[in-house]
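Q: Coordinates only, no sequence provided:
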């Protein structure tokens, strides 16, 4: 088998040298890497062969990672990165280049968006994706694998040329209509990982997660959000995904991963009304601002099967 792209979610701990990793706070819950799943869905629709590897859920070692790479033979590997996982992602990128220097290494995610100039300095990284990665990654694969377009014309990247010169392109505009994105391709995660995602506060495991919006205008000091502009999916579009999750995975417990779910009161009410009207058989949790809720909204949440707000 030869893949065009293997997308990797690094683990939050190094399982290579530890025989036993005790349960700790980070194991409060495990959720699918939605960002990678959205990217994979766009690429698959454009006839690229894609798989996603969630190293964290399977507690994978270096050797296990290399064995998978040897079996799948990806031409490009993309690592997601945040402040917790970036160091291990860099370690695995070095490992990949030592195994096969011809594999192209892309980094994306929160850390890549916040510190692209820092990341591109690391030797094994060829390209860093800044901001939303769906269409940027598509254009990168079109360039790398189909020789389409010019790298310097792809918006939202920083990369190294053959002579080690670093070039940063123009920013990529945000997608205004989130309904244009297909349902995230969680089925492309290797190893039936969807059966293993859980939360200690869930009513029923396994769980999965969705987003109903992207971005948040608030500037809370504890938050890692990277987009200030809030954009929203329609209620119809969200219901389609919930029904898909129920039919394909038989999962009914959903974590809504929006930075602030209740930014748009009307959108919330529309979604709740659709869940109630369609009798969509899911129960869900979400992250909300307490100063944006009221008794009527809380009542609507409850009727639509919400059972925890944090």
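A: Perfect, I can see it now. These numbers come from a predicted model, not from an experiment.
Q: Strands along the stretch 101-250 of the chain, start to end?
A: 104-108, 127-129, 157-160, 166-168, 198-199, 208-210, 213-214, 231-232 (DSSP state E, counting those that start in this stretch).
Q: what are the phi and psi values for residue 285?
A: phi -130, psi 150 (degrees, to the nearest 10).
Q: pLDDT score for it?
A: On pLDDT, residue 285 comes in at 98.
Q: surely it meets residue 254?
A: Yes: with contact defined as CB atoms under 8 Å, residue 285 reaches residue 254; the gap is 7.4 Å. Using the backbone N, CA and C atoms, a C-beta is placed for each residue, glycine as well.
Q: Of all the strands of the stretch 101-250 of the chain, which one is nearest residue 71?
A: strand 104-108 (18.5 Å; CB to CB).
Q: any residues touching the closest one, and which ones?
A: 35, 39, 75-81, 89, 93, 96-97, 119, 124-129, 133, 137, 140, 144 (CB atoms under 8 Å, 6 or more residues apart in numbering).
Q: for stretch 221-236, same thing?
A: Contacts for stretch 221-236 (CB under 8 Å, 6+ apart): 82-83, 110, 113-114, 131, 174-179, 211-217, 259-260, 263-264, 267, 270-271, 273-274.
Q: Can you flag which of the residues you listed belong to helices?
A: Among these, the residues falling in helices (DSSP state H) are 110, 113-114, 267, 270-271, 273-274.
Q: And the furthest pair within the residues you listed?
A: The distance between the two most remote of those (CB to CB) is 37.3 Å, for 114 and 273.
Q: domain ranges for this protein?
A: Domain assignment for the chain by automatic domain parsing gives 5-168, 197-309.
Q: Ends of the shortest one, what's the gap?
A: Spelled out, that is domain 197-309. Using CA to CA, to the nearest Å, one end of domain 197-309 lies 19 Å from the other.
Q: try stretch 225-235
A: 23 Å.
Q: Report the buried residues of it.
A: Across stretch 225-235, burial judged by 16 or more other CB atoms under 10 Å covers 225-227, 230, 232-235.
Q: In helices only, show me those.
A: Those of the buried residues of stretch 225-235 lying in helices (DSSP H): residue 235.
Q: Redo the buried residues of stretch 225-235 as TSV? Include distance to residue 159 and pLDDT.
A: Formatted as TSV, the buried residues of stretch 225-235 follow (distance: CB to CB, whole Å; pLDDT from 0 to 100):
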residue	distance to residue 159	pLDDT
225	25	76
226	20	82
227	22	84
230	30	95
232	32	97
233	31	98
234	35	98
235	39	98
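Q: Sounds good, over and out.
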